[in-house]
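S.K.: I'll drop the sequence and a predicted model, then ask my questions.
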Amino acid sequence: MPIEPPQGFRTSGEEPRGTRLVLVRHGEAGCNVAGVVGGPRGCTGLTDLGREQARALAQRLALTREFDDAVAIYSSVLARAKETAAIVSTSLPAHEVREDCDLCELHPGLADAMEWDEMVATFGGPDWDVDPTEPFAPGGESWVGFYERCVGAFLRLSETHPQGRVLLFVHGGVVEQAMKMAMGAAPAARLRLRTVHCSLTEIEIDQGQAHLLRYNDRAPRAATAR
């Protein structure tokens, strides 16, 4: 039997045994292209390219069957995430897609549906490097509040599904909060990630501890290359 190095020096580990949360970022959205704050009113769903990206991911999953072991599927309540879930879930096990507002992008408050220039002119825009507890806009969330909401959702879902793989159709900001949780970063940290549309990020949560399994798996490109 090979002798393992001490725990602190290991670069490999045991097979995941807790809850595996797979975060799927939505495809390109109309609000992304239009430069509009995409809350419940500002989100109009996917663009044609976004639907292509979602179909490409569905094609990949139909070929690889890598998520056939999924025990549940959840989606943000925003149109771009729900539309992505509807397309991709055609290649997933037959589970109801459950909507969960705690998986939404940062709540924008009164800035919802504004163009970004209008939002900055009206509310100034928060400087979260200075004060991460400042709301995005009146009635909206702060950066720290966003982190706390997302982490609370991840822990809640890991308790609801203590084992197995759970698919979450979410947003770039939600992926960043998951990465911070897995890295042990502070709630106020800003990673400034470049998470691509319809990419896959996977974390394991075991007894409240999060471990990163993959980030930014560019599924559409892999499917198109076949």
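M.R.: Done, it's in. Numbers count the residues shown, from 1 in each chain.
S.K.: which of the residues in the helix or strand encompassing residue 51 are buried?
M.R.: Assessed by DSSP states H and E, residue 51 sits inside helix 48-64. Neighbour-count burial for helix 48-64, with 16 or more other Cβ atoms under 10 Å as criterion, is recorded at 50, 51, 52, 53, 54, 55, 56, 57, 58, 59, 60, 61. Where C-beta positions appear, they are placed from N, C-alpha and C, glycine not excepted.
S.K.: same thing with stretch 102-119?
M.R.: Going by neighbour count (16+ other Cβ under 10 Å), the buried part of stretch 102-119 is 102-114, 119.
S.K.: Would you give the sheet partners of the lengthiest strand in the chain, along with the direction of each?
M.R.: The longest strand of the chain (DSSP state E) is strand 209-217. Paired neighbours of strand 209-217 in the sheet (DSSP bridges): strand 200-206 (antiparallel).
S.K.: follow-up on the earlier one: what is the helix holding residue 51 packed up against?
M.R.: helix 79-88, helix 219-224 (3 or more Cβ pairs under 8 Å, 6 or more residues apart in numbering; DSSP states H and E).
S.K.: Least confident of the ones you listed, on average?
M.R.: Among the helices and strands packed on helix 48-64, helix 219-224 has the lowest mean pLDDT, at a mean of 48.
S.K.: Kindly reformat the buried residues of stretch 102-119 as TSV and extend each row with distance to residue 18 and secondary structure.
M.R.: Below are the buried residues of stretch 102-119 laid out as TSV (distance: Cβ to Cβ, whole Å; DSSP: H, G, I helix; E, B strand; the rest coil):
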residue	distance to residue 18	secondary structure
102	19	helix
103	19	helix
104	24	coil
105	26	coil
106	27	coil
107	28	coil
108	33	coil
109	35	helix
110	39	helix
111	37	helix
112	35	coil
113	39	coil
114	40	coil
119	39	helix
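S.K.: List just the nearest of those to residue 27.
M.R.: Using Cβ to Cβ, residue 105 comes nearest to residue 27 of those, at 14.1 Å.
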